[in-house]
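# everything below, folded, please.
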Amino acid sequence: MPHPIMFRDDDPVLARVRTVALAFPEAHEKVSHGRPAFFVAKMFAMYGGSVKPPTKGDYIQYPQSILVKVDESERQALQQDPRFFAPAYLAPSGWLGLDLSARKKVNWDEVRELIDASFRLTAPRKLVKQLDEV
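Numbers count the residues shown, from 1 in each chain. Just a heads-up that it's a prediction; the model follows:
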């Protein structure tokens, strides 16, 4: 059974995330688990996420968020910021989510830095080198 689509294509926040993510070398988008995900050889970012509740119940949804892989050296500091969350299924593999609806104004430089760091942790070396040459 396929996952239901969990995003609106006309979402202006998604449009901005697409602009950032698709600017990376050989980046492409595909829907994975009902959400827009950005890949090179592996996924380096996803739009939208959820958190498993501590007790039985529905997952807590963060429809306007990005999920990124983070370096372990930065994980603890980022988790101190209430805008970040541990996404269901991906958190044990080093991923965090950033809620983009938690503020009225999104810091797009911060979003780009997070996606850049995630790209560098997941992309093949040749693409990271290509990124550095630009």
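# beyond the helix ranked longest in the chain, next helix or strand please.
Ordering each helix of the chain by length in residues (DSSP state H) puts helix 108-122 first. Using DSSP states H and E, the helix or strand that directly follows helix 108-122 along the chain is helix 125-133.
# which elements pack onto that following helix?
helix 108-122 (3 or more CB pairs under 8 Å, 6 or more residues apart in numbering; DSSP states H and E). Bear in mind the C-beta positions are built from the backbone N, C-alpha and C, glycine included.
# pull the residues that contact the helix it packs on.
16-17, 20-21, 24, 27, 38, 40-45, 66, 68-71, 74, 94, 98, 100, 127-128, 131 (CB atoms under 8 Å, 6 or more residues apart in numbering).
# the inter-axis angle of that helix versus helix 125-133?
Interaxial angle, helix 108-122 versus helix 125-133 (axes from the mean of the first three to the mean of the last three CA atoms, to 10 degrees): 150 degrees.
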